[in-house]
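Undergrad: the following comprises the amino acid sequence and a computationally predicted model.
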Amino acid sequence: MAVVTHFTISGTCNINGTTITIGGSGSGTQIVSGGTYSFTAAFVAGNFPLTVTPSLSGFNFSPTVINEPTPVNDTNANFIGNTVAGQVGAFAVGI
């Protein structure tokens with residue numbers, strides 16, 4: 001029987017409306033609201049690494065992806081978004 005553990009991965013993003021996707025076991029998405037997002041899910045041990053990726057049309061993000069190689073709580077999975085030259089997108093919030 002596999003060991004199941006709960007993890008929280010959360011952070012900030014300066015662009016409201018950004019979709020944050022978590023890949024690997026416990027896959028899902030969150031939409032940034034108020035500058036923050038959070039995932040809490042049961043992860044099956046051995047199904048790592050996880051990836052956390054931001055996306056929103058008209059924006060580039062730094063970093064482009066965060067890799068979570070081991071099952072740890074991460075409250076610093078933070079992203080900074082910038083508009084792509086010549087495109088208009090969602091409004092930013094100050095964090």
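TA: Arrived safely.
Undergrad: going forward, measure contacts and count neighbours with C-alpha atoms only.
TA: Noted.
Undergrad: could you say which helix or strand holds the residue nearest to Asp74 when sequence neighbours are not counted?
TA: With Cα to Cα, 6 or more residues apart in numbering as the criterion, Asp74 has its nearest non-adjacent residue at 4.8 Å, and that residue is Ile9. Element membership for Ile9 (DSSP states H and E) is strand 4-12.
Undergrad: give the contact list for Tyr37.
TA: 10-13, 20, 30-31 (Cα atoms under 8 Å, 6 or more residues apart in numbering).
Undergrad: highest neighbour count among the residues you listed?
TA: Among the contacts of Tyr37, Cys13 has the most neighbours (other Cα atoms under 10 Å), with 27 neighbours.
Undergrad: for it, which non-adjacent residue is closest in space?
TA: Nearest one to Cys13, counting by Cα to Cα, 6+ apart, is Phe79 at 4.8 Å.
Undergrad: the one you found: how many residues sit nearby?
TA: By other Cα under 10 Å, neighbour count at Phe79 equals 24.
Undergrad: and the gap between it and Ile9?
TA: 13 Å (Cα to Cα, to the nearest Å).
Undergrad: bridging residues for the residue nearest to Asp74?
TA: Judged by DSSP bridges, the bridge partners of Ile9 are Phe39, Asp74.
Undergrad: tell me who's in contact with it.
TA: 38-40, 73-77.
Undergrad: recalculate using a threshold of 10 Å.
TA: By Cα atoms under 10 Å, 6 or more residues apart in numbering, the contact list for Ile9 reads 22, 37-41, 52, 68, 71-77.
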